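**Student:** structural data only, the sequence is not supplied:
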């Protein structure tokens, strides 16, 4: 039986990873990424915990492509203050990460 919230995709890093420390011992990293889709541009928030979080900050940069596996979370409480409407924010807690090395010509 599979988990319906488990997610795997290739994404492009859009911004510099932001590192946070929770309770003086747990390290998390968050940033926005773009899903590799042909028709529409979809942007998601990626969340990394622990040692994986430290690796992301040290080794990955803007415009790198990575393959991720993790759990999907939809946040309905996120609101757009300019347009006064409620939006859904997609967040993925990443468990596994694979770097896709581009071909050099």
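**Tutor:** Everything's here; your move. Computed from a predicted model, the values in this text were never measured in an experiment.
**Student:** only C-alpha atoms from now on, for both contacts and neighbour counts.
**Tutor:** Fine.
**Student:** residue ranges in this protein under the pLDDT threshold?
**Tutor:** In the predicted model of the chain, residues 1-3, 38, 77-87, 101-105 satisfy pLDDT under 70.
**Student:** what's the closest non-adjacent residue to the spatially most central residue of the chain?
**Tutor:** Closest residue to the average C-alpha location of the chain: residue 46 at 1.8 Å, with C-alpha atoms, centre = their mean. Once flanking residues are discounted, residue 46 sits nearest to residue 92: 5.0 Å by C-alpha to C-alpha, 6 or more residues apart in numbering.
**Student:** what of residue 30?
**Tutor:** In space, residue 30 is closest to residue 47, 4.7 Å off (C-alpha to C-alpha, 6+ apart).
**Student:** report how many residues lie close to the one you found.
**Tutor:** Using other C-alpha atoms under 10 Å, residue 47 has 22 neighbouring residues.
**Student:** which elements pack onto the host helix or strand of it?
**Tutor:** In this assignment (DSSP states H and E), residue 47 forms part of strand 43-49. Applying 3 or more C-alpha pairs under 8 Å, 6 or more residues apart in numbering; DSSP states H and E, one finds that strand 43-49 contacts strand 26-35, strand 89-99.
**Student:** the residue lying closest to residue 50 once chain neighbours are set aside and residue 34, how far apart?
**Tutor:** Distances taken as C-alpha to C-alpha, 6+ apart place residue 27 nearest to residue 50, at 5.3 Å, with adjacent residues excluded. Distance of residue 27 to residue 34, computed by C-alpha to C-alpha, to the nearest Å: 23 Å.
**Student:** and residue 91, by the same measure?
**Tutor:** Distance of residue 91 to residue 34, given as C-alpha to C-alpha: 12 Å.
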